[in-house]
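Novice: Got a predicted model here, sequence first, then my questions.
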Amino acid sequence: MNILERYHAMEYGPAPEARNEADAWLATRDFGKALFIGGDWRAASGGRTFDTSEPSSGKLLAKVSDANATDIDAAVAAATKALPKWSASSGYQRAKVLYAIGRAMQRHQRLFAVLETIDNGKPIRESRDIDVPLAIRHFMHHAGWAQALDRDFPGQKGVGVVGQIIPWNFPLLMLAWKIAPALAAGCTVVLKPAEFTPLTAILFAEICERAGVPKGVVNIVQGGPEAGAAIVNHPGIQKIAFTGSSEVGKIIRKATAGSGKKLSLELGGKSAFIVFEDADLDSAVEGLVDGIWFNQGQVCCAGSRLLVQEGIADALIAKVKTRMSRLRVGSPLDKNTDIGPLVDLTQLDRVKGLIAEGARQGAICWQPDAALPSTGYYHLPTLATGVSPANILAQEEVFGPVLATMTFRNTEEAIELANNTRYGLAASVWSENVNLALHVAPQLKAGVVWVNGTNMFDAACGFGGYRESGFGREGGREGMFEYLAAKLPLGPVIKPATSSVQPVEQADGVGIDRTAKLFIGGKQVRPDGNYSLAIATAKGKLAGEVGLGNRKDIRDAVSAARACKAWPEATAYNRSQVLYYLAENLSGRADEFAARLVQLTGVPAKAAREEVDQSIERLFLYAGLADKFEGRVHQPPARAVTLALHEPVGVLGIVAPDDQPLLGFISLIAPALAMGNTVVAVPSERYPLLATDLYQVIEYSDVPSGAINIVTGRSAELAGVLARHDDVDGLWLFTDADTCAKAEAESIGNLKRVWSGGGRSLDWGSEEAAGDGFLRRAIEVKNVWVPYGD
Ligand code: NAD
């Protein structure tokens, strides 16, 4: 054997990371008192503990206090007590605390990394080089936001006490994503780690003690779903921030419906990894290793669906297999290890079950010929080919080291396949043609898109998804908004329509049918049921009739809104022009609308005229902002720029209020349209004629067909239909509290974003009832990472 042959034949020697410090920490800690509440270490009041064990051996690491509802009460009480002082402290004071946390974590970086690896099973290279540094960066970055709060978020205040629930796949990093922005915003927190991985959060609580975090500002409770549910349902909590499975996310959405709690959900994914034929294949293969085998594939944004262009599929698959054969599966504490154990036996069984089902459904599952360690929950990296788009491996989040492969012929097919999922978290696009990559990225239904890269994160760049991947963002400016709230100019409590609508005789046999129709797809159409609703004047006489829309009409309206491509694809300038034109045409008929307001609502003529003028002014405002409320470019500490693009939410359902019925209606549809959404609006049930009178104004204003659809009828019923419709992406509700609560609970089908006034209207005439707060609700921020350099 010559030297070169010997060199190639050499095996890696073991390179274990020392674990003495972590073992010493484990040996000295009293895990029976693991609840960190109000600055004290407490046992669980019920005396229960749960086991946390080491995935690489199955050995018990600790028996940890298991909180129940009484403990959660105590934690919320501590957070509530600490809130006034903490929220009133200066940004500088909070910045110093956040910075001190970051610095203290830096000093214990190695202990954090080793503990994380021992508890979770992730390779030490990952916890050491990715999880822990990113967590520290998060605290450092948010120290800055604490101090910049007044400057960058004028009028916004911290929401109060926050309940935070996190998963086991990135225990410390998810903790940092949750706690850092909350503290920066002046909130106090009750955080619950996942029951598989409690350890680094306990170490973090010790850091809080040392870094001078005031008692009660950070409370860390340990436990499982019972403790989680007690947090979700606690009336003393103003916001829930959850990261975990879509299944539990839906339970939480339902449980918080009608509670007024602010909610952000970071859920699962089935992210596409798209390789075009002009991609650098070797780089793409390295990207894939990161994309799907990072943390054994137990990553929410794992690139678990490889979509490869037909012409290069064989070549790429061959390269992937060669690379897979070189992946080193072994002890996670070994610095050479690429793939460690899965977190738990249940997770291993789940992955095996999904692979078996995928194979039964026709997928060919390939694994490299490698031995697994004799103990621990290891699984070989797995490549599934011959996967049909309906195969379980293409649809379900496996959360394990399994890559499902499909091919595409052209760009359109790649986009279609990528979007053929109920999730919308992340995607990677590989092409040496940056024009192609930037053409594809905005068309992918995903909150984060990496061009020629994968799994890039930074505290300055928002992360989060659409659809069943949840809503809300973590990191960056948009992440701060999740912990802030502006005081909205509250209007009257909205009574259920049945008690506010006066009965009025219908005009049978009058001869001419004067019923205002529905407005769907740019046309006035009869309601499906052919029923109408009589509308009364302020004096109780018949003012006219409108169509009584039903489920089928909403369905048609949603289809028309979805089919309308001209509006979301129009330039912002173009949308701005159309909104100006709408304002101009409304202004041409101002007298008529003012008279209608007087007739229906009985307001004095002067007030009616003012409402019309304000409605025109509001249209002008949003016409002007349509091309100004733009995204940003971030410069993260990597050789990349991140384009934080604003894109429309999609199809927005809007249920408009009764009071100030013209201004309320315009104040809601105008910002939605300005940002490129298409709208299905349900106007005031009591005064719908103000909306139906707008049909002609809309028709004369060059609004593309389907951009605005108006369905009159019973607000409560139609709100429910919109909430349950899985092709509606967002819902804004200014209707009675009961209808809002029901709609929130019923929105879980596709986890659409719901914004409700909680049964209160707004003072639509006030300045705060317009502007950025509305525009922010009308967009999703998509972060597109574009690396540069050779
Ligand atoms: P999980 O939903 O089972 O548990 C997450 C957390 O919720 C745990 O702390 C758990 O104790 C708690 N919980 C469980 N039931 C609850 C209930 N009824 N009420 C309140 N809390 C409850 O998820 P998991 O298995 O721990 O984590 C894996 C999931 O997390 C995957 O789906 C993954 O995609 C997702 N995830 C998402 C992101 C993201 O940013 N989008 C990041 C990491 C993980």
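Specialist: Perfect, thanks for sending it. Residues are numbered from 1 along each chain as shown.

Novice: ok, for residue 40, nearest residue in space, not its chain neighbours?
Specialist: Setting aside the residues directly before and after it, residue 40 is nearest to residue 215 in space (CB to CB, 6 or more residues apart in numbering), at 7.9 Å. No exception for glycine: its C-beta is placed from N, CA and C like everyone else's.

Novice: can you tell me which residues contact the one you found?
Specialist: Counting by CB atoms under 8 Å, 6 or more residues apart in numbering, residue 215 touches 38, 39, 40, 78, 82.

Novice: Okay, and which of those map to strands?
Specialist: Among the contacts of residue 215, DSSP state E puts residue 40 in strands.

Novice: Pull out the buried residues from the contacts of residue 215.
Specialist: Those of the contacts of residue 215 that meet the buried threshold are 38, 39, 78, 82, by 16 or more other CB atoms under 10 Å.

Novice: With respect to the ligand, which of those residues is nearest?
Specialist: Relative to the ligand, the closest of the buried ones among the contacts of residue 215 is residue 78; by CB to the nearest ligand atom it sits at 19.8 Å.

Novice: Could you report the pLDDT at the closest one?
Specialist: Listed pLDDT for residue 78 reads 98.

Novice: Skipping its backbone neighbours, what lies nearest it in space?
Specialist: Going by CB to CB, 6+ apart, residue 78 has residue 38 as its nearest residue, at 3.4 Å.

Novice: can you give me phi and psi for that neighbour?
Specialist: When read as degrees, to the nearest 10, the backbone of residue 38 gives phi 60, psi 30.

Novice: correct me, but it touches residue 80?
Specialist: No. Counting by CB atoms under 8 Å, residue 80 is not a contact partner of residue 38; they are 10.4 Å apart.

Novice: hmm, the helix or strand containing residue 449 in reach of the ligand?
Specialist: Residue 449 is located in strand 448-451, with elements delineated by DSSP states H and E. No. Counting by CB under 6 Å from any ligand atom, the ligand is not contacted by strand 448-451; separation bottoms out at 9.7 Å.

Novice: now stretch 208-222
Specialist: No. Counting by CB under 6 Å from any ligand atom, the ligand has no neighbours in stretch 208-222; the shortest distance is 9.6 Å.

Novice: I'd like the average pLDDT over that stretch.
Specialist: Averaging pLDDT along stretch 208-222 yields 97.

Novice: Tally up the residues packed near residue 56, please.
Specialist: Number of residues near residue 56 (other CB atoms under 10 Å) recorded here: 22.

Novice: which residues touch it?
Specialist: Each residue near residue 56 by CB under 8 Å, 6+ apart is listed here: 118, 121, 331, 332, 333, 340, 341, 373, 375, 376.

Novice: do you know how far the residue lying closest to it once chain neighbours are set aside is from residue 348?
Specialist: Once flanking residues are discounted, residue 56 sits nearest to residue 376: 4.3 Å by CB to CB, 6+ apart. Taking CB to CB, to the nearest Å as the measure, residue 376 falls 9 Å from residue 348.

Novice: Can you check which residues contact both of these two?
Specialist: Common contacts of residue 376 and residue 348 (CB under 8 Å, 6+ apart): residue 341.

Novice: How is the residue in the chain that the ligand sits nearest to assigned, secondary-structure-wise?
Specialist: Nearest to the ligand, among the residues of the chain, is residue 228, at 2.2 Å (CB to the nearest ligand atom). At residue 228 the chain is in helix, as set by DSSP: H, G, I helix; E, B strand; the rest coil.

Novice: Near it, how many other residues are there?
Specialist: Neighbour count of residue 228, defined by other CB under 10 Å: 25.

Novice: Identify the spatial nearest neighbour of it, chain neighbours not counted.
Specialist: Among residues not flanking residue 228 along the chain, residue 165 sits closest, at 4.9 Å (CB to CB, 6+ apart).

Novice: got a list of what that neighbour touches?
Specialist: Going by CB under 8 Å, 6+ apart, the list of residues near residue 165 reads 191, 192, 228, 231, 232, 240, 241, 242, 243, 244, 252.

Novice: Also residue 313?
Specialist: 405, 407.

Novice: Assumed residue 128 was part of a strand.
Specialist: No. Residue 128 sits outside any strand when classified using three-state DSSP, being helix.

Novice: what separates it from residue 525, distance-wise?
Specialist: Residue 128 is 63 Å from residue 525, by CB to CB.

Novice: ranges for the strands of the stretch 251-400 of the chain?
Specialist: For the stretch 251-400 of the chain, the strands defined by DSSP state E, counting those that start in this stretch occupy 262-266, 272-275, 305-309, 364-366, 382-385.

Novice: Need those strands in CSV (columns: mean pLDDT, mean neighbour count and distance to the ligand).
Specialist: Output for these, formatted as CSV (pLDDT from 0 to 100; neighbours: other CB atoms under 10 Å; distance: least, CB to the nearest ligand atom, whole Å):
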stretch, mean pLDDT, mean neighbour count, distance to the ligand
strand 262-266, 98, 24, 3
strand 272-275, 98, 27, 15
strand 305-309, 98, 26, 14
strand 364-366, 97, 16, 21
strand 382-385, 98, 23, 18
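
Novice: what residue ranges in the stretch 51-200 of the chain score low on pLDDT?
Specialist: Scanning the stretch 51-200 of the chain for pLDDT under 70 picks out nothing.

Novice: which residues of it fall in strands?
Specialist: Here the stretch 51-200 of the chain has its strands, by DSSP E, counting those that start in this stretch, at 60-65, 156-158, 161-165, 188-192.

Novice: Indicate which one of those is closest to residue 398.
Specialist: Closest of the strands of the stretch 51-200 of the chain to residue 398 is strand 161-165, at 22.3 Å (criterion: CB to CB).

Novice: Of the contacts of residue 56, keep whichever come out buried.
Specialist: Buried among these by 16+ other CB under 10 Å: 118, 121, 331, 332, 333, 340, 341, 376.

Novice: Tell me how far stretch 271-281 lies from the chain's centre.
Specialist: Centroid separation between stretch 271-281 and its chain, computed with CA atoms, centre = their mean, to the nearest Å, is 26 Å.

Novice: Tell me the span between the first and last residue of it.
Specialist: End-to-end distance of stretch 271-281: 19 Å, with CA to CA, to the nearest Å as the criterion.

Novice: start at 55 instead
Specialist: Okay, residue one is now 55; in that scheme the one you just asked about reads as stretch 325-335.

Novice: So for the protein, the centremost residue is which one?
Specialist: By CA atoms, centre = their mean, the chain has its centre lying nearest to residue 525, at 2.1 Å.

Novice: so how many other residues sit close to the spatially closest residue to it that is not a sequence neighbour?
Specialist: Nearest residue to residue 525 in three dimensions, chain neighbours excluded: residue 807, at 4.6 Å (CB to CB, 6+ apart). For residue 807, the count of nearby residues is 21 (other CB under 10 Å).

Novice: Please name the residues that touch residue 807.
Specialist: 525, 703, 783, 784, 785, 831.

Novice: Which of the residues you listed fall in helices?
Specialist: residue 831 (DSSP state H).

Novice: Now distance to the ligand and pLDDT too, for the contacts of residue 807, in a markdown table please.
Specialist: Rendered in a markdown table, the data for these read as follows (distance: CB to the nearest ligand atom, whole Å; pLDDT from 0 to 100):
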| residue | distance to the ligand | pLDDT |
| --- | --- | --- |
| 525 | 10 | 96 |
| 703 | 18 | 98 |
| 783 | 18 | 98 |
| 784 | 19 | 98 |
| 785 | 21 | 98 |
| 831 | 20 | 97 |
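
Novice: Which ones among the contacts of residue 807 map onto strands?
Specialist: Within these, residues falling in strands by DSSP E are 525, 784, 785.
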